[in-house]
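K.L.:
model the following, please.
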Amino acid sequence: MYRFALALVLSTQAAAAFAAGACTVTGTAFDVDGRPLRDAVVRLVDVQTGQKAFSAADANAAFVIDSPSAGSYRLDVLGPPTVVTGTKIPTRSIVGMTDTFACSAGQATRQDVHVQIY
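P.N.:
Alright, predicted model coming up:
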């Protein structure tokens, strides 16, 4: 019982620490013609550390990504996976990105992202 209570306290503290430093980024992914890009893969990149988080846009092209901490970020839209000749490793190209934006602890920000090439 003691271990369970300790685990509960520690997990609650870890969740509170994450929430205190996190920011939430929402938005919509658009294709080159400005239409919603359903099921797009969106990547949040911390421009200072390189840390990444991913989300798949839903049927309305909306996405939500929680960052692990406050910082300066950009969003990338990734193209469909392709396999490089001679390998079996699928890769994705960046087909659109936002300018760098700041996201503070506890903040929610909206950043739409547009495909620039396809």
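K.L.:
show me the contacts for residue 64.
P.N.:
24, 25, 26, 55 (CB atoms under 8 Å, 6 or more residues apart in numbering). No exception for glycine: its C-beta is placed from N, CA and C like everyone else's.
K.L.:
and those residues, which of them are buried?
P.N.:
Among these, those classed as buried by 16 or more other CB atoms under 10 Å are 25, 55.
K.L.:
quick one: which of the contacts of residue 64 is nearest residue 44?
P.N.:
Lowest distance from residue 44 to the contacts of residue 64 (CB to CB) belongs to residue 25, with 5.9 Å.
K.L.:
just the pLDDT for residue 16.
P.N.:
On pLDDT, residue 16 comes in at 43.
K.L.:
what's the answer for the one 10 residues further on, then?
P.N.:
We note a pLDDT of 96 for residue 26 in this prediction.
K.L.:
and it, that one's in a helix?
P.N.:
No - counting by DSSP: H, G, I helix; E, B strand; the rest coil, one finds residue 26 to be strand, located in no helix.
K.L.:
how close does it get to residue 86?
P.N.:
Plainly put, residue 26 is 39 Å away from residue 86 if you go by CB to CB, to the nearest Å.
K.L.:
could you pull out the helices for the protein?
P.N.:
Secondary structure of the chain (DSSP state H): helices at 2-21.
K.L.:
residue ranges of the strands in it, please?
P.N.:
Taking DSSP state E, the strands of the chain run over residues 24-30, 41-46, 52-56, 62-66, 71-78, 82-83, 90-91, 94-97, 101-103, 108-110, 113-114.
K.L.:
which residues of the chain score low on pLDDT?
P.N.:
1-21, 117-118 (pLDDT under 70).
K.L.:
swap in 80 and give it another go.
P.N.:
Scanning the chain for pLDDT under 80 picks out the ranges 1-21, 83-85, 88-90, 117-118.
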